[in-house]
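[1] generate a structure from the sequence data that follows.
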Amino acid sequence: MAIVEANGVRHYYEEVGTGAPLLLLHGGLESSESWAAQTPALAEHYRVVLIDRRGHGRTPDVDGPITYELMRDDTTACIEALDVAGAHLVGFSDGGILALMVAIQRPDLVGRIVSIGGNTSSEAYTLETRAALGAGSPVVDVMRADYENATPDGSEHWPVVRDKIEHLWWETPLDFTDQLDRITTPTLVMAGDDDCIEPAHSIEMFQCLPRGRLGIIPGASHAAPIEQPELVNRIILDFLDGPEKPAELMPLLPSRV
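    Down below sits the predicted model:
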């Protein structure tokens, strides 16, 4: 078990592959294991670093609320502690939000950014998502078994972490769309064509990024990395490895550069 202490938290992490560093940032109430469909493909080209955030996976919870700002600072501290400044950041859902927040606050620490199913406003969720996954929804408990199998805090701690994340999702205002123009590195906004994020919001994010690109995954919900792994992996690698402007036939990656 590898542990890095950063921002006062003992984070569990794993590394696989060699080359330039790439951090995979998992979604809310998930762990680094959620990247199982991406890690082998990306590790053929990069030194892939997977970090479990506070209260997630094998990293213990910490007293007090879980906020995006805290997790952003945790991520920044992990990058510095692991000496991987300049790493590409690929984040899913909450991880996609954090990738963007780190790039805004500490552009010196990041390479290219991929935000999959991320959002920059708490108003971005579809009405169907709010109805199905709002605070107290039993649907969220489908993630409990994976949490209990990994957490060092014991299975009885699940309701505590679930409540913290539900508060983060549904009761904590989020709005930093107007800061996206501060991200100077090439950034890919990716979403499923049936995502829980409004398509118009993903497009707005793309349009606000000075060096943004947009990838809409057909036949995919919010879980695009699981539902369409080969396509998602190919687009990520094409974007990270590709030129500043997309190649003539690069699919799904219109550029504003």
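[2] switch to C-alpha atoms for all contacts and neighbour counts from now on
    Noted.
[3] number of residues surrounding Glu128?
    Neighbour count for Glu128, taken as other CA atoms under 10 Å: 10.
[4] distance check, it against Cys196.
    Applying CA to CA, to the nearest Å, the value for Glu128 to Cys196 is 8 Å.
[5] before we move on, what about Ile203?
    14 Å.
[6] contacting residues around Val62?
    9, 54-55 (CA atoms under 8 Å, 6 or more residues apart in numbering).
[7] any idea how far it lies from Gly154?
    Per CA to CA, Val62 is found 13 Å from Gly154.
[8] same check, this time on His88
    Counting by CA to CA - His88 and Gly154 are separated by 33 Å.
[9] if you count surrounding residues, which of those two has more?
    Remark: of His88 and Gly154, His88 carries more neighbours, 24 against 12, as counted by other CA under 10 Å.
[10] contacts only, for Pro218.
    192-193 are the contacts of Pro218 under CA under 8 Å, 6+ apart.
[11] do the same with Gly136
    Glu166.
[12] give me the helices and strands touching the helix or strand hosting Trp170, please.
    If you go by DSSP states H and E, Trp170 is part of helix 158-171. On a contact count with 3 or more CA pairs under 8 Å, 6 or more residues apart in numbering; DSSP states H and E, helix 158-171 meets helix 144-150.
[13] quick check: buried residues in the helix it packs on?
    Of the residues in helix 144-150, 146-148, 150 count as buried by neighbour count, 16 or more other CA atoms under 10 Å.
[14] give the other helices and strands that that helix contacts.
    helix 158-171.
[15] mean confidence for the helix it packs on?
    Here helix 158-171 scores 97 as its mean pLDDT.
[16] buried residues in the lowest-mean-pLDDT helix or strand in the chain?
    Ranked by mean pLDDT, DSSP states H and E, the helix or strand of the chain with the weakest confidence is helix 127-133, at a mean of 89. For helix 127-133, a neighbour-count test (16+ other CA under 10 Å) marks Leu133 as buried.
[17] show me the contact partners of that helix.
    With CA under 8 Å, 6+ apart as the criterion, helix 127-133 contacts 139-140, 196.
[18] with these in mind, which one is nearest to Thr187?
    Cys196 (20.5 Å; CA to CA).
[19] any idea how far that closest one is from Ile235?
    20 Å.
[20] what ranges do the helices span in the stretch 1-150 of the chain?
    39-43, 68-81, 94-105, 127-133, 144-150 (DSSP state H, counting those that start in this stretch).
[21] could you dump the ones you listed into JSON lines and include distance to Thr18?
    Below are the helices of the stretch 1-150 of the chain laid out as JSON lines (distance: least, CA to CA, whole Å):
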{"stretch": "helix 39-43", "distance to Thr18": "7"}
{"stretch": "helix 68-81", "distance to Thr18": "17"}
{"stretch": "helix 94-105", "distance to Thr18": "21"}
{"stretch": "helix 127-133", "distance to Thr18": "38"}
{"stretch": "helix 144-150", "distance to Thr18": "26"}
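[22] those helices: which one's closest to Gln179?
    Closest among those, using CA to CA: helix 94-105, at 7.2 Å.
[23] only alpha carbons, please: show that closest one as CSV.
    Below are the C-alpha coordinates for helix 94-105, written out as CSV (Å, rounded to 0.1, in the frame of the first residue of the first chain):
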residue,chain,number,x,y,z
ASP,A,94,-16.3,15.4,-9.2
GLY,A,95,-12.8,14.6,-10.4
GLY,A,96,-13.4,16.6,-13.6
ILE,A,97,-14.5,19.6,-11.5
LEU,A,98,-11.3,19.3,-9.4
ALA,A,99,-9.1,19.1,-12.5
LEU,A,100,-10.5,22.4,-13.7
MET,A,101,-10.2,24.0,-10.2
VAL,A,102,-6.6,22.9,-9.8
ALA,A,103,-5.8,24.3,-13.3
ILE,A,104,-7.4,27.7,-12.4
GLN,A,105,-5.6,28.0,-9.0
